[in-house]
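Undergrad: coords please:
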Amino acid sequence: MSAVEVHRLLKEKKLSAREVLESSISRIEEVDNKLNALPEKCFDRARKIAERIDNNPPKGIRNLHGLPIAIKDYNDISGVKTTYGSLLFKDNVPKDSDRTVRKLEDNGANCVAKSNVPEWAGGHTFNPVYGLTRNPWDTSKSSGGSSGGSSAALASGQVFLATGNDLGGSLRTPAAFNGVVGLRPSPGLIPRGKRYMPFDTLWVEGPMARSVEDVALMLDAMVGHDIGDPLSYPCIENSFLEELDTEYKPLSVAVSEDLGIVPVEGEVRNAFRAAIRKISGFGWDVTHEIPSFEGVLDAFKVLRGMLMATMLGDLVKKHRDQILVDIRKNVQVGFEVKNTEIVEAEKVRRQLTLNMENFFIRNDFLICPTTSVVPFSVENPYVKEIEGKKCETYVDWFSITFAITMTSCPTLSIPCGFTESGLPIGIQIVAPPRHEARLLSFGARLQEIFGVARKLPISPQANPSLGP
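TA: This is a model prediction of the structure:
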């Protein structure tokens with residue numbers, strides 16, 4: 001059943017929060033030993049919350065009524081271990097939940113487990129504390145990162161909803177690798193915690209689920225102004241889930257296989273072309289006009305380096321030998337960046353904003369692949385070559401997602417098809433800033449056309465036979 005369906009039964013008191021929780025716990029105990037998606041469980045805490053919800057049913061349009069969710073191990077849950085995938089924090093138990101979790105719990109979410117992450121968001125989902133997370137479609141493959149645990153847990157039916165966050169593609173990439181849905185919202189739509197830099201627009205929190213409708217349900221419970229986040233702003237009066245009933249019919253949709261900046265594997269191109277063929281006869285123009293992304297690759301690396309140095313620099317100075325080499329290198333980029341490089345990076349970001357503004361005058365959406373590659377071996381730390389072009393750093397292989405990050409536009413990743421071996425492939429749908437309702441409505445329409453969501457959840461498998 002979908003999160004929306006279970007949510008309705010909870011509201012109607014045809015199911016109790018405890019019953020739904022025990023179903024989730026049973027599934028976790030059944031399959032997670034094959035995936036390692038949810039290494040830190042908090043079942044007893046969740047049972048107490050379910051009992052409280054059943055005894056005092058919540059009210060409100062945005063309430064989740066006790067739906068079990070997974071919380072990414074970058075977010076704090078009071079009384080539950082948060083490690084960030086780092087040995088330095090392997091015994092860290094925060095006293096308080098962070099802003100993202102507190103908002104969800106205030107709106108009736110029941111946190112059942114922490115989802116696995118890469119160490120400090122570096123690479124795909126593996127770390128020295130909990131090990132690696134496997135892809136349920138093929139357990140020899142990566143679940144992506146950095147929200148790989150959340151995505152694998154969703155695809156395998158362990159939870160109904162899960163949190164993710166996204167800097168360069170950390171929410172969208174694992175959504176695509178695992179055949180689920182992930183939304184990178186406009187900066188400010190979802191209030192962020194104290195660890196974030198207050199005026200940074202690159203790193204955002206976002207919802208993940210098995211369908212667009214379920215994502216909309218979760219988004220309703222996450223949004224709203226918060227005095228602690230200066231970028232946050234009031235949400236729409238109606239819920240995003242209700243807004244899905246208003247079908248948005250675009251006039252023009254622009255498509256691109258590579259945004260003109262990155263190599264893309266043949267299997268991804270083939271699946272993307274097949275997806276575009278499916279949507280070409282539904283009453284909207286499909287064009288190949290795209291905005292220029294000139295300079296975005298270098299600009300992102302400069303700005304990301306600065307952000308990483310600001311957030312992790314002191315930690316790296318004190319504990320250099322206990323932090324992943326690639327993270328140390330990225331922090332070093334931030335420390336060594338020149339003034340002229342910062343100026344140029346900000347000029348690029350300004351120009352990207354202008355390019356997108358002009359683009360959306362003539363087009364309603366931009367669609368491109370979510371990833372440049374198909375899910376790779378879980379044993380590889382990151383992709384080192386794409387179509388004969390070497391990746392110089394561990395961030396190069398997700399250039400197609402971080403290029404969109406730099407625009408501050410909301411982006412929805414939905415599954416659109418499969419490789420010949422049965423691995424899921426996703427597309428990104430990009431909308432103008434603060435147009436999430438329109439984006440979700442269109443995404444739900446494409447989801448119906450592609451039909452991949454109907455194949456979920458799945459049981460972990462070593463030799464996939466599923467296909468389009």
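
Undergrad: Quick check: mean pLDDT of the helix or strand hosting residue 361?
TA: For residue 361, the host element (DSSP states H and E) is helix 339-362. Computed over helix 339-362, the mean pLDDT rounds to 98.

Undergrad: for stretch 149-157, same thing?
TA: The model assigns stretch 149-157 a mean pLDDT of 98.

Undergrad: how many neighbours does residue 55 have?
TA: By other Cβ atoms under 10 Å, the residues close to residue 55 number 8. Backbone N, C-alpha and C define where each C-beta goes, glycine included.

Undergrad: Repeat that for the one 5 residues further on.
TA: Look at residue 60: counted by other Cβ under 10 Å, it has 12 neighbours.

Undergrad: For it, give me its contacts.
TA: Residues near residue 60 by Cβ atoms under 8 Å, 6 or more residues apart in numbering: 107, 108.

Undergrad: What helix or strand is it located in?
TA: Per DSSP H and E, there is no helix or strand for residue 60.

Undergrad: Tell me the pLDDT of it.
TA: Listed pLDDT for residue 60 reads 82.

Undergrad: Over to residue 464?
TA: The model's pLDDT for residue 464 equals 47.

Undergrad: do the same with residue 307
TA: Per-residue pLDDT puts residue 307 at 96.

Undergrad: For residue 121, see how far away it is.
TA: 11 Å (Cβ to Cβ, to the nearest Å).

Undergrad: and if you look at residue 380?
TA: 17 Å.

Undergrad: of those two, who's got more company?
TA: Using other Cβ under 10 Å as the criterion, residue 380 and residue 121 rank with residue 121 on top: 24 against 13.

Undergrad: What strand or helix carries the closest residue in space to the more buried one that isn't next to it in sequence?
TA: In this structure, residue 121 finds its nearest non-sequential neighbour in residue 146, 4.3 Å apart by Cβ to Cβ, 6 or more residues apart in numbering. For residue 146, there is no enclosing helix or strand under DSSP H and E.

Undergrad: Residue 146 and residue 168 touch, don't they?
TA: No: if you go by Cβ atoms under 8 Å, residue 146 and residue 168 don't touch, sitting 9.2 Å apart.

Undergrad: hmm, back to that, shared neighbours of residue 307 and residue 121, anything?
TA: residue 167.

Undergrad: residue ranges for the helices of this protein, please.
TA: Shown for the chain, the helices assigned by DSSP state H span residues 3-11, 17-31, 43-55, 99-106, 148-155, 172-178, 212-220, 240-243, 266-279, 296-319, 325-336, 339-362, 399-405, 436-450.

Undergrad: Tell me which of those helices sits nearest to residue 392.
TA: helix 296-319 (9.7 Å; Cβ to Cβ).

Undergrad: What are the contacting residues of that closest one?
TA: Here helix 296-319 has contacts from 88, 120, 167-168, 195-197, 200, 202-203, 261, 323, 327-328, 330-335, 337, 341-342, 344-346, 348-349, 352, 393, 395-396, 399, 402-403, 405-406, using Cβ under 8 Å, 6+ apart.

Undergrad: buried stuff in that helix?
TA: 296-297, 299-309, 311-312, 315-316 (16 or more other Cβ atoms under 10 Å).

Undergrad: Just checking the distance from that helix to the centre of its chain.
TA: Here helix 296-319 is found 21 Å from its chain centre; the criterion is Cα atoms, centre = their mean, to the nearest Å.

Undergrad: Stretch 33-53 now?
TA: 21 Å.

Undergrad: what does the helix holding residue 361 contact?
TA: 252, 254, 289-296, 298-300, 302-303, 306, 366, 406-409, 432.

Undergrad: ok, residue 326 - contacts?
TA: Residue 326 touches 122, 123, 381, 382, 393, 394, counting by Cβ under 8 Å, 6+ apart.

Undergrad: Distance of the closest residue to residue 32 other than its chain neighbours relative to residue 449?
TA: With sequence-adjacent residues excluded and distances taken as Cβ to Cβ, 6+ apart, residue 32 is closest to residue 38, at 5.4 Å. To residue 449, residue 38 is 32 Å away according to Cβ to Cβ.

Undergrad: can you check residue 289 too?
TA: 22 Å.

Undergrad: before we move on, what about residue 24?
TA: Separation of residue 24 from residue 449 (Cβ to Cβ): 30 Å.

Undergrad: again with residue 389
TA: Where residue 449 is concerned, residue 389 sits at a distance of 32 Å (Cβ to Cβ).

Undergrad: can you check residue 87 too?
TA: 46 Å.
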